[in-house]
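# my questions are about this predicted structure, shown below with the sequence.
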Amino acid sequence: MVIKNVNLETVCGITSKLPKNTLPEVAFAGKSNVGKSSLINALVNRKSLARTSGQPGKTQTINFYNVNEEMYIVDLPGYGYAKVSKEVAAKWGPMIENYLHTSEQLRMVFLLIDLRHKPTNNDVQMYRWILSNGFSPVIVATKADKIKRSQLQKQLKLLKDTLKVIEGVPIVPFSAVTKAGRDEIWELIEEYALT
Ligand code: GDP
């Protein structure tokens, strides 16, 4: 994808109505600090379009980035940040579920998992929501540059076993530092969301 223009078109809080978009949507979900903003910035070749870890977990919004007037990148609220209030922590689930449930344009959901750590219960929950809403997830294993080559297979196995990843679900190791995996993510988007 050649990025011509990107803009943050809609920001939805818990009480806002979701937009009735007509272009295809591709959503990104993951724990706070997993590298979601860095991934979105890398995908659209911008340094700081999506926020990076200023105040992780504080803003519980769904952000819609219009890309080339062709599609939306949908940034779902990060979850699992320990320091948010109970009230904020309780919001991400219903917000995400409601979006997965009601969006008419959502074509695919990327679930980001930090390759260095065992997926959390929230990650498992998120993975199940994606499946139970009828979407086939793509898993992005983030911060791949931080893993030694010798550890890669072991960490991938931990990820697959913990989430009980079913056959055929793509797992793309990604690094925002080296940009490894970026092209593969765009190829998947073009194949499954834009054709
Ligand atoms: P978010 O909370 O999921 O949006 O995560 P951010 O994109 O803000 O990233 C959280 C932290 O991890 C920041 O300090 C990033 O610089 C760092 N980070 C994100 N992606 C990578 C990566 O691929 N490699 C490395 N080494 N650090 C990363």
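Structure received.

# all strands for the protein, in order.
Using DSSP state E, the strands of the chain run over residues 6-12, 25-30, 62-67, 71-75, 106-114, 137-142, 171-173.

# how about the residues of the chain by the ligand?
Applying CB under 6 Å from any ligand atom, we find that the chain lies next to the ligand at 30, 32-38, 52-53, 56, 78, 142-143, 145-146, 175-177. C-beta: built from backbone N, CA, C; applies to glycine.

# okay, and for the chain, where does confidence drop off?
For the chain, the stretches with pLDDT under 70 are 52-59, 82-84, 88.

# tell me the contacts of the most centrally placed residue in it?
Residue closest to the average C-alpha location in the chain (CA atoms, centre = their mean): Phe28, at 2.0 Å. Neighbour list for Phe28: Lys36, Leu39, Ile40, Ile73, Val74, Asp75, Leu76, Val109, Phe110, Leu112 [criterion: CB atoms under 8 Å, 6 or more residues apart in numbering].

# the residue nearest to the last one when sequence neighbours are not counted: neighbouring residues, count only.
In other words, Leu112. Ranked by CB to CB, 6 or more residues apart in numbering and with sequence neighbours excluded, the top spatial neighbour of Leu112 is Gly30, at 3.2 Å. Using other CB atoms under 10 Å, Gly30 is surrounded by 26 other residues.

# please tell me how far Gly30 sits from Asn5.
Here Gly30 is placed at a distance of 25 Å from Asn5 (CB to CB, to the nearest Å).

# follow-up on the earlier one: check contacts around the residue nearest to Leu112.
Counting by CB under 8 Å, 6+ apart, Gly30 touches Lys36, Leu76, Gly78, Tyr79, Leu111, Leu112, Ile113, Asp123, Met126, Val140, Thr142.

# how far away is it from Gln153?
22 Å.

# and which of the contacts of Gly30 is nearest to the ligand?
Using CB to the nearest ligand atom, Lys36 is the member of the contacts of Gly30 that sits closest to the ligand, with 3.5 Å.

# which residues touch the closest one?
So Lys36 contacts Phe28, Ala29, Gly30, Ala50, Asp75, Gly78, Leu112 (CB under 8 Å, 6+ apart).

# now for those residues, which pair is the farthest apart?
Ala29 and Ala50 (13.5 Å; CB to CB).

# show me where this protein has its helices.
Secondary structure of the chain by DSSP state H: the helices cover 36-43, 86-89, 92-102, 121-132, 152-163, 182-192.

# nearest to Glu9, out of those?
Across these, closest to Glu9 is helix 36-43 (CB to CB), at 13.9 Å.

# tell me how far that closest one lies from the chain's centre.
9 Å (CA atoms, centre = their mean, to the nearest Å).

# quick one: buried residues of that helix?
Lys36, Ser37, Ser38, Leu39, Ile40, Asn41, Ala42, Leu43 (16 or more other CB atoms under 10 Å).
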